[in-house]
Each structure stands twice: as C-alpha cells, then as structure tokens.
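S.K.: sequence first, predicted model second:
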Amino acid sequence: MSLLNSEITDVPNLGPFYAKRFERLGVKTLFDLVTYAPRLYEERKQTVAIRDVRLGEKNGIVGKVLDARVITRRKRMLIVTLADGTGLVTLRFFHFYPNQIKQFAEGREVYAFGEVRLVGGNLEMMHPEFQFVEHDEAVEHYAIYPLSEGLTQARLRGFIESALVKVKREAEQQVLPQSILTLVEQHAPGFNFYQALDYLHFPPKEADFLALNAGKHPAQLRLIFEELLAHRLAVKPLVQEQQAKAVRIDSLKLDALVQSLPFCLTTEQNQVLSEIFDDLQHRKPMQRLLQGDVGSGKTIVALLAAFVVIQNQMQVALMAPTEILAEQLYAKACELFEPLGIQVACLLGKMTAKAKREVRQVAEAGTINLLIGTHALIQDEVRFKDLGLIIVDEQHRFGVGQRFALHQKAEAGIVPHQLIMSATPIPRTLAMTLYADLDISNIRELPVGRKPIETVLISDLRRDEVIARLQNLLQHGEQAYWVCPLIEESDVLELKAANETAEYLRTVLPGVEMALLHGRMKGKEKTAIMQDFKEGKIKLLIATTVVEVGVDVPNASIMIIENPERMGLSQLHQLRGRVGRGHKQSFCVLLYKGPLNEIAMQRLAMLRHSHSGFDLAEEDLRLRGPGEFLGTRQTGGLSFRFASLIRDQYLLSAVHEAAKCMQADYPTEAQDLVDKWFSLGTEFVKV
C-alpha cells in the first residue's frame, strides 16, 4: 500500500485521541493530512506591546499568564489575563476543553493573535489564535487551518510537518508523465507535488501572501491542476468501450402500472421517463443524472425505471445515503411492487449478521428483483445474479469511489445501466466538470396541489413569539420540525445545540409530545422515532440536519431552523422541503442570530423569495464556492482541497486536454493519479 494512503496514526505522537479529532475534519490518511489546505494566510512579522495595540485590528502580543479561571454568566467561559509589563489584556473563550484551563498555568508565556477590543474599559481578545511559547521559540506562523475541538493551530502544524517528513520520498516521485508535466509547467512553474505542499504549509517570510490568499500562487496552482485532473479522470471513465444489456420496454405492463398510481405524473416526469427508457433500450450503458427539486417526484420515476428492467429478468440495486431514507424507499417499493409479485429486499448495516447473510444469498441467487440499501450494498460479500440497473439516490452524499463501486457487481464484460439522482441541483459549472460523463435530466415541476412554502426570517431575540405561535399550531393538530445544526454544545462554534434546545422546549411546551433525533443514535432508535412522528404520536421533532433527506411526513407543516446563516442555501432548501408534502399551507421559520452581514442577508432573502432549488444552487455556488456548496469533505467525495471551480475555470480546458492525453496514452499513470488523490482502490479510469 502507498505510504500516502496509510493511516494518520503512523505520524509520531498522533494517537487515537487526535485521530478522532482529525476524523471530524475528514482527515483519515497521511495524504488527507498533508493535503489539508490552510483556509487563509496571516502575516505576523511583529508582535506589539500591549500598551501599543491597535483597537479594532488584529494584533500579535506575547504576555505571561496572571490568572485563568472559568466563570458562568449566561454560559460558561474561560477568562485568561495576560501581562507583558506594559499592560493587561483579557483572552475570552466561550469554547474550550477542560485541559486548556490547566495549560494556562500562572507565569506561562503565551503568544496570542486576534482582534483587540475595548470592553468595559479593559482590552480584550475574543477567541484569539494562541500558542504557548517555549524558550526562544519563534511565534511567526502564517498558515491558518480550520480546526476541530481538541486541536490547536500549533499542534496541527506539528503533525503536518511530521507527516511531510515521513512521506517526502514518495511525494517527490512524479506520477504525471513528462508531456503532462510540460502542460502543468505552463500554469504552475517551479514546483513538484511535494515542494508545493511544503511551501503552502510553511511559506517563507518573503512569500506573496496576497497571491496565496487569492489562490493564485504557483505552489497552489501546481496542486490545483493535479487535483482537477484527478477528479476529471475519476468521473470520466471510458464507458464507450463497454456494453450493457439492452432493455425491452413492455408498454402494456408499464401503462397498466402508471394507470394504477393514485396520482398523475407531471409533464416533466413523463419527459424524463422517456429519456431514461430511450437510454435503456441501447447496449451503451446509461449514465444519467436526474436532478429534481425537493418533492418533485424523482422516486416514482426511479421505481418505474426499475420496473422495466425487472420485467427483462434483470436485477436492480438502489443505494441511499442513510438508513432512514433506505427504509422509506423500501416501504414505497414494497407498496408498489409486491402486488405484482416483484420481490424487494433491504440491506442495512444495522441488520443482524444472519439477516444480512440471508439477503445476500437471495440476491446472489437472483430471487430478489430489487435490493435497496445503504453503503452495505458495495461490500465485497454482496453479489448479484444479473445486475441490470444501479440507482444512486442523493448522489452528492456519496464519494466518487462509491458511485462506481456497484459496477463491480455485474457479470464480467457487462456494465449496468446507471441512474443517479439528486434533490440538490448541481450548478452548470459544477456539472460540466464533475459529471462530464453523464446525460442530465431535470424535473422542476411540482405535483399538482402542492402549495408554496411560506418562508419567514425572524431574529432569535423573538424566540418566545415563535414558540407561542408554534404552540398554537400544535394544539390545532399540526406537526413540526425544529432543526439545530449541532447535537450538543460545540467547542468550536457558538450555535444552538439540539440537546440544549430539546431541554428548553420541554420546559416551555409542557404536555407536547416531542422527541430528539440525531445522527449519533442507533438505527433502530432513529427508525422508531421517525415511525412515531409519521404516525402522529410525536408532534414536535427536534433534530439535527439528519432530517435533510429521507423524511416524508405529509402532516408536518412547520419547519423552524436555528442558525440558518451558518448553512448553505441548498441545504436550507432541502430542509424546508421536509414540510409542504401534503395539501396544507406550510411554513419555514429561519431563526437567525444577529447581526447578519450583508452576504448572509442576501442569501436568506433569496431563500425567502425563491422556491427553485436550481436557482438557489447557482446562487449558493456563487456566494460560497463548491466546497461549501457540496458540504463536508468526504474521502473521494466531490468537494475540493485546493481547487475552486469558479476561480479556476480558466484551467479547465487545459485539464480536459491533459485528461484525454492520459486516458489515451498513459492509462497506468492515469490510474495511479486517481488512486493517489482518492485512495479507494477503485478502477475509475477503466470502469
């Protein structure tokens, strides 16, 4: 195995404690660690005496700890007082961990960097960057990284430095052939892969910090080009050289099933089905992305596509990102197909070993026509007798490797048709790069009878008014969601936690049946809560964003979202789409924490006035960039470490040229490059 792909615990002094902290950041391998990109660069060439600090600006100071204590007012905070002989400054931390209190021992020298404000006549820094100064240690650090609870900037830099030393020899080896390197040199001269990483993590004092913060430095461009090239190769397999089984459409049986539905298909649903059926009738494998706005009816389209494949004595695999969504899809498929004698099964990680084994056996024997599941479907033990169609729901939640892993389940020499779906529409710029191998179908039209969701923006200072209005609606038989970004109080972000909110709501809404739902719960517990909510036994569901997909409760008509200013437009639109599933007028309350900056106001105002996920996706990409738009980084996923599809568009034509050259002339090197960036062992280039 490549050293770059080994676990981060191979780094000296990086044990399980820090490995867990890094896992929250999506960092699991040495490659993840050495390519963990700084979020910005700050020039800290000088420190100033405390008496000379500039109010309202960022200052670097060095002082000795006079006092460190925890106080409790509205919430707990750590207060540290520093002195340097010229004055005093207070460091205030709302988010800290217990060991930090001991670290700020009296007399210990501390370097702090942050904005200085005058509060009650005293100088104060709120959550500054800091490090403890040992002996004559330099305090000039430039690269600033996103952190997780339990990690400091200094500790993170130390781990990255150790990792770079460990992988230096391998990282200096060129994966790119000379002809491609020549093309790269035109845009990013002077750096190989390792040199670029070393420069970005530890830039020299004379570095051009304006270029670094703009993402335009040659060291960054060297990594950006290679990353874009690896992504291009990963999503542009040579499927044209392979064949699928052609599907014959039995129009009579299909029409009978459509006529039996309790609703009429929309014009756009019928159009998309026509496009899918046309693909399925050819030997060329279907590679189609179905984008549909929240509640537009993608699921029935997918199930009808599955139906025509099953009628040809082939099997279908449907992969969903969460067990809640997989179980919901399973229930819908059973309702539609079991009266027709079509056998449906579900495979989930929470199932017993015996139950999993039984499902795998019937899938391999061909007894099961449609197998629905989560990541469990791509395990080596899962085999099919004749896999004809793969459906991937909520594609953006899966990594690039997972998207192709199911291909390996088909018989030798045959590629299954593939339909991937997303309720988070992909902006055109993103789609052209990440889904260049796919045909794209869109459903913008909502089913007849759906009313637009009324969205309101309210300050959390008016929380009591919101709760009073909520109580009135619940008393009249409505159901509601209350969504919080985090499960419990974070040591990183000052956001309302679901646990804290649940305790508060139980106090102010006595007698209301409510429950808390979050991703750390066991599958059975989550399923039981959702079932009770769907049946109306629970009136108020307090949840994290686990409810973003996979929850369909027509009677729920109110969605309250805490801290919407911290979320992307597409995610907010997804959450909002959990209500408005029935015929009632539904509401979405955005309970923000002020004051909001201009960009946050623009984003939330657009959400109020637009109900189009396609329009919101374009705006989200423009305002937040592709990494934020796509959500938290996944290994092999769609977010980028260094590249920006907006900023770096001018490189795309050269990247596409390089990808064609590598696929045609250097297939081994192309596979090596994909393995290097994705470390999944999946054959992307030759799938």
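M.R.: That came through, no problem.
S.K.: quick one: residue 275 from residue 29, how far?
M.R.: Per C-beta to C-beta, to the nearest Å, residue 275 is found 39 Å from residue 29. Just so you know, the C-beta spots here come from the backbone N, C-alpha and C atoms, and that holds for glycine as well.
S.K.: so residue 161 is in which element?
M.R.: Element membership for residue 161 (DSSP states H and E) is helix 153-172.
S.K.: just how off-centre is that helix within its chain?
M.R.: Centroid separation for helix 153-172 versus its chain: 26 Å, with C-alpha atoms, centre = their mean, to the nearest Å.
S.K.: identify each buried residue in that helix, please.
M.R.: By 16 or more other C-beta atoms under 10 Å, the buried positions in helix 153-172 come out as 153-157, 159-160, 162-164, 166-167, 171.
S.K.: returning to that earlier point: of residue 275 and residue 29, who's got more company?
M.R.: More neighbours surround residue 29 than the other of residue 275 and residue 29, with 20 against 15 (other C-beta atoms under 10 Å).
S.K.: can you list phi and psi of the nearest residue to the more buried one once chain neighbours are set aside for me?
M.R.: Once flanking residues are discounted, residue 29 sits nearest to residue 5: 5.3 Å by C-beta to C-beta, 6 or more residues apart in numbering. With angles defined as degrees, to the nearest 10, residue 5 sits at phi -90, psi 0.
S.K.: tell me how far residue 5 lies from residue 50.
M.R.: To residue 50, residue 5 is 47 Å away according to C-beta to C-beta.
S.K.: residue 209 touches residue 142, doesn't it?
M.R.: Yes - when contacts are counted by C-beta atoms under 8 Å, residue 209 is listed as touching residue 142 (7.2 Å).
S.K.: which one of these two has more residues nearby?
M.R.: Using other C-beta under 10 Å as the criterion, residue 209 and residue 142 rank with residue 142 on top: 21 against 15.
S.K.: on that earlier part again, who are the packing partners of the helix holding residue 161?
M.R.: If contacts are counted by 3 or more C-beta pairs under 8 Å, 6 or more residues apart in numbering; DSSP states H and E, helix 153-172 sits against helix 30-34, strand 129-132, helix 193-201.
S.K.: format the ones you listed as JSON lines; extra columns: distance to residue 316.
M.R.: Formatted as JSON lines, the helices and strands packed on helix 153-172 follow (distance: least, C-beta to C-beta, whole Å):
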{"stretch": "helix 30-34", "distance to residue 316": "34"}
{"stretch": "strand 129-132", "distance to residue 316": "52"}
{"stretch": "helix 193-201", "distance to residue 316": "41"}
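S.K.: out of the ones you listed, nearest to residue 562?
M.R.: The minimum distance between residue 562 and the helices and strands packed on helix 153-172 falls on strand 129-132, with 27.3 Å, by C-beta to C-beta.
S.K.: now tell me which helix or strand of this structure has the poorest mean pLDDT.
M.R.: helix 400-405 (a mean of 55; mean pLDDT, DSSP states H and E).
S.K.: kindly check the end-to-end length of stretch 498-518 for me.
M.R.: 8 Å (C-alpha to C-alpha, to the nearest Å).
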